[in-house]
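Peer 1: Let me see the structure of the following:
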Amino acid sequence: MDVDAFVAAHQAEWDRLDRLVARRRRLSGDEVDELVAAYQRAATHLSAVRTAGHDPALAARLSTRVARARAAVTGAHTPAWGSVARFAVVSFPVMAYRVRWWWLGTAAGSLLTAFVIGWWIARSPAVQASLLPPAEVRQLVNSQFRGYYSQYPAASFAAEVWTNNALVAAESLIFGILLCVPTLLVLFANAANVGAVGGLMVAHGRGVEFFALILPHGMLELSAVFLAAAAGLRLGWRIIDPGPLPRSQALAVAGRETVTLALGMVVVLLVSGVIEAFVTPSPLATWARVGIGACAEAAFLGYVIVLGRRAAAAGLSPDIDAAPDVFPVAG
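Peer 2: As a prediction, the model looks like this:
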């Protein structure tokens, strides 16, 4: 396709469509019919531009023009709650399900790293001494680690945890566009921190306490962080290997999918923050606290697997549905 020639051939039609859209409340019957026909032609033009894939900027401008025309033609919009429901039932779970192998690999690599570092530290007094002075290690394992979860009012602590976790997830996700390297560094730093604290706790006979405090919220929290990192790595890989699409188009598609996951993880991290603030430091028995965390994790994974697999099998898109094409006719 010769893009310049295509634009020159149809620019007048698009400009006329814009003028009709701007006057949509004052159109005559003939002009309404003209608006419908111009919208249909512009939609056909958009399909041709997308298929050619030569000019993403033109496709974006034409897509915006067609969307405005569709709203003018239909005179209707998808109810806000309908969009929210579709996002929760289709968009987020199907995207999480699509990146499941990246997600699984990210989780396995991070957990293995944390375990190896923790095992190394727990078995080596010399490494422990190089990390912190003995007095600070005793303070950490005897009071500081447990006290961290109850030093602030629960509501304030939940907000702080939510913000911090969202920041880590955002870094893991966004940095993926830099060829994956920063995302891998964020993952390693997070795994090393967990492994180091766990190794110190285990070395001083506090292993049970460590897992009793970290598991209630950590299962869901780490699942969200691993999902964010998986999306970031997948986004970065689209730059390295765009597949059959042009690199710019492949990156645009992956970016849109990544935003879908980012929005959903805001809610997931909110839930894990509430558990960390209200359940982890609570006087409940260890089995009850860990059980609550396990139920939250099972509910999240079940939600993604069941709804995501169903939506993927049905070929559903993660995008919010557009308004239906119901055309008015002139009286």
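Peer 1: Can you list the low-confidence ranges for this protein?
Peer 2: 1, 53-54, 75-82, 317, 319-331 (pLDDT under 70).
Peer 1: can you map out the helices along it?
Peer 2: 3-22, 29-52, 56-74, 80-86, 92-98, 100-123, 125-131, 134-139, 145-147, 154-174, 181-203, 207-240, 247-278, 286-313 (DSSP state H).
Peer 1: could you dump the ones you listed to a markdown table with mean neighbour count?
Peer 2: Placement of C-beta: from N, CA and C, glycine included. Listed next are the helices of the chain as a markdown table, based on neighbours: other Cβ atoms under 10 Å:
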| stretch | mean neighbour count |
| --- | --- |
| helix 3-22 | 14 |
| helix 29-52 | 16 |
| helix 56-74 | 17 |
| helix 80-86 | 12 |
| helix 92-98 | 23 |
| helix 100-123 | 17 |
| helix 125-131 | 12 |
| helix 134-139 | 13 |
| helix 145-147 | 16 |
| helix 154-174 | 18 |
| helix 181-203 | 20 |
| helix 207-240 | 22 |
| helix 247-278 | 19 |
| helix 286-313 | 16 |
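Peer 1: Kindly confirm whether my reading is correct that residue 115 touches residue 195.
Peer 2: Yes - assessed by Cβ atoms under 8 Å, residue 115 is found in contact with residue 195 at 6.8 Å.
Peer 1: care to break the chain down by domain?
Peer 2: 3-74, 85-313 (automatic domain parsing).
Peer 1: What is the end-to-end distance of the shortest one?
Peer 2: Think domain 3-74. Domain 3-74 has an end-to-end distance of 30 Å (Cα to Cα, to the nearest Å).
Peer 1: Could you check how far that domain is from the centre of its chain?
Peer 2: Relative to its chain's centre, domain 3-74 lies at 32 Å (Cα atoms, centre = their mean, to the nearest Å).
Peer 1: What of the last one?
Peer 2: Using Cα atoms, centre = their mean, we find the averaged C-alpha position of domain 85-313 to lie 13 Å away from the chain's own average C-alpha position.
Peer 1: end to end, how far does it reach?
Peer 2: OK, domain 85-313 end separation, Cα to Cα: 19 Å.
Peer 1: separation between residue 296 and residue 196?
Peer 2: Separation of residue 296 from residue 196 (Cβ to Cβ, to the nearest Å): 26 Å.
Peer 1: and what of residue 291?
Peer 2: 27 Å.
Peer 1: and if you look at residue 308?
Peer 2: Counting by Cβ to Cβ, the gap from residue 308 to residue 196 is 34 Å.
Peer 1: likewise residue 143?
Peer 2: On the measure of Cβ to Cβ, residue 143 and residue 196 end up 18 Å apart.
Peer 1: Residue 218 too?
Peer 2: As judged by Cβ to Cβ, residue 218 and residue 196 stand 15 Å apart.
Peer 1: just residue 22 next, same as before
Peer 2: 62 Å.
Peer 1: do the same with residue 246
Peer 2: 44 Å.
Peer 1: Over to residue 12?
Peer 2: To residue 196, residue 12 is 67 Å away according to Cβ to Cβ.
Peer 1: Could you do residue 83 as well?
Peer 2: For residue 83 relative to residue 196 (Cβ to Cβ), the value is 44 Å.
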